[in-house]
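Engineer: would you be able to build a 3D model of this:
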Amino acid sequence: MNETTTNSEYQRLVSHLTYLKMDMMIEHLDEVLDQISGQSLSFVEALNKLTQYEIDRKEINMINSMVKVAGFPHRRELKDFDFSFQPSINKEQIMDFSTLRFLENKENIVFLGNSGVGKTHMAVSLGIEAAKKRNSTYFIKCHDLIQQLRKANEENRLENRLK
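Structural biologist: A predicted model of the protein is given here:
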């Protein structure tokens, strides 16, 4: 095969990948093709590597979408929480919550406390952990939830709202 044919086949491949919206495969294509040429990757290994880039991007996009839909006021993670600032918080228990075992057990968690102790930070962190594992989440402050439920009750649609 001559260089012109190879170049046109490459352009055709890029065109197909563009049509299929495989942006990560396009981004890493040259790198992976070089590894095939250098014989450090087999054809199947190259395909696996390219598709893994695409899968990783889709997972990140899915998590970001779920986090956005959840309505978190900010993006926080438990690793950023300063447990020394609030020594009354049981770090081991909070870290256990981050395993999301409570979801499997169909249990609820309620954070109670004064303003500024980290309730929202912990709730958001757990919600993001849940989103990372493809669990739907929805963030709402207690006051707002009560208002929404009262309004639904006044409009005789409380039962539907609770579903």
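Engineer: okay, now the domains of this structure?
Structural biologist: 3-70, 78-162 (automatic domain parsing).
Engineer: need those domains in JSON lines (columns: mean neighbour count and mean pLDDT).
Structural biologist: Where C-beta positions appear, they are placed from N, C-alpha and C, glycine not excepted. Formatted as JSON lines, those follow (neighbours: other CB atoms under 10 Å; pLDDT from 0 to 100):
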{"stretch": "domain 3-70", "mean neighbour count": "13", "mean pLDDT": "92"}
{"stretch": "domain 78-162", "mean neighbour count": "13", "mean pLDDT": "91"}
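Engineer: which ones are touching the residue most central in space within the chain?
Structural biologist: With distances taken as CA atoms, centre = their mean, the chain has Ile63 as the residue nearest its mean C-alpha position (1.9 Å). Taking CB atoms under 8 Å, 6 or more residues apart in numbering as the criterion, Ile63 is in contact with 131-132.
Engineer: if I look at it, how far off is Ala70?
Structural biologist: Separation of Ile63 from Ala70 (CB to CB, to the nearest Å): 11 Å.
Engineer: ok, now Ser98?
Structural biologist: 16 Å.
Engineer: again, but for Gly118
Structural biologist: 18 Å.
Engineer: tell me the secondary structure at Phe72.
Structural biologist: coil (DSSP: H, G, I helix; E, B strand; the rest coil).
Engineer: mind checking the SS state of the residue nearest to the centre of the chain?
Structural biologist: helix.
Engineer: what about it, distance to Met24?
Structural biologist: From Ile63 to Met24 the distance is 15 Å (CB to CB).
Engineer: same check, this time on Leu33
Structural biologist: Applying CB to CB to Leu33 and Met24 gives a distance of 15 Å.
Engineer: same check, this time on Gln52
Structural biologist: 9 Å.
Engineer: likewise for Asn156?
Structural biologist: Distance from Asn156 to Met24, by CB to CB: 50 Å.
Engineer: ditto for Leu162
Structural biologist: 41 Å.
Engineer: do Leu41 as well
Structural biologist: Taking CB to CB, one finds Leu41 at 17 Å from Met24.
Engineer: and for Gly71?
Structural biologist: Using CB to CB, Gly71 is found at 28 Å from Met24.
Engineer: now swap in Ile140 and tell me
Structural biologist: For Ile140, the distance to Met24 - CB to CB - is 34 Å.
Engineer: check Lys132 too.
Structural biologist: In this view, Lys132 and Met24 are 19 Å apart by CB to CB.
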